[in-house]
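Novice: Let me see the structure of the following:
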Amino acid sequence: MILPAVLGLGACTAPPVPADLAPRFGEVKAHFVTGRDIDVIEVRALETSAIRAATLVMPDGSRVAAEQIDAEGSPRLPGAPTSGIGLSTTNTTLVGQIASAALIRLPEPPAYRRGWQGGVIEVTLGDGAGWIVERVAAPPPP
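Specialist: Numbers count the residues shown, from 1 in each chain. All right, here's what the predicted structure looks like:
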């Protein structure tokens, strides 16, 4: 399936992710940014609305809002050769879909490591009358 490969999110400043971490349409996923800053959780969504807010909520009630949110309307899938080496490539544009990413920096990584199992990330998608809130489990620390 080509869709999971879509969210390298090349236009966003969040780094590309492997296909298994990229969300499918209508899905929100959270994971740690590996290989760069291990104290940052990245939240990604592929929806008809962009992420407007993302907040880590810990079991003790403490809340950490995203420090950065990026979005790309009608993202493009990377091209693939149409019929052989050296021939033109085709790109697929996901019209009407929005790929977005939010970055949440942990203020106290040791506290997160102790209580992450009870944490959730509240993600607000869209605005106006059509906004929704999705909740995803806090990811395990790296």
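Novice: Report how many residues lie close to the nearest residue to residue 32 once chain neighbours are set aside.
Specialist: Nearest-residue entry for residue 32: residue 142, 4.8 Å, with adjacent residues in sequence omitted and distances by C-beta to C-beta, 6 or more residues apart in numbering. In short, each C-beta sits where N, CA and C put it, glycine included. Using other C-beta atoms under 10 Å, the number of residues around residue 142 comes to 12.
Novice: my guess is residue 142 contacts residue 39, does it?
Specialist: No: look at residue 142 against residue 39 with C-beta atoms under 8 Å: they stay out of range, at 9.2 Å.
Novice: residues near residue 118, how many?
Specialist: 11.
Novice: ok, now how distant is it from residue 29?
Specialist: The gap separating residue 118 from residue 29 is 19 Å, by C-beta to C-beta, to the nearest Å.
Novice: Break down the chain into its strands, ranges please.
Specialist: Applying DSSP state E to the chain gives strands spanning 27-32, 40-47, 51-57, 63-65, 68-73, 76-81, 89-93, 98-105, 120-125, 132-137.
Novice: outside of stretch 126-138, which residues touch it?
Specialist: 28-30, 41, 43, 45, 47-50, 52, 56, 58, 112, 116-125 (C-beta atoms under 8 Å, 6 or more residues apart in numbering).
Novice: Flag every buried residue along it.
Specialist: Neighbour counts over stretch 126-138 (16 or more other C-beta atoms under 10 Å) mark 126, 134, 136, 138 as buried.
Novice: gap between the two ends of that stretch?
Specialist: 21 Å (C-alpha to C-alpha, to the nearest Å).
Novice: Could you list the low-confidence segments of this protein?
Specialist: 1-22, 24, 35-37, 74-96 (pLDDT under 70).
Novice: so residue 99 touches residue 51, yeah?
Specialist: No: the criterion here is C-beta under 8 Å, and residue 99 misses it with residue 51 at 9.7 Å.
Novice: shared neighbours, these two?
Specialist: With contacts defined as C-beta under 8 Å, 6+ apart, the residues shared by residue 99 and residue 51 are 45, 71.
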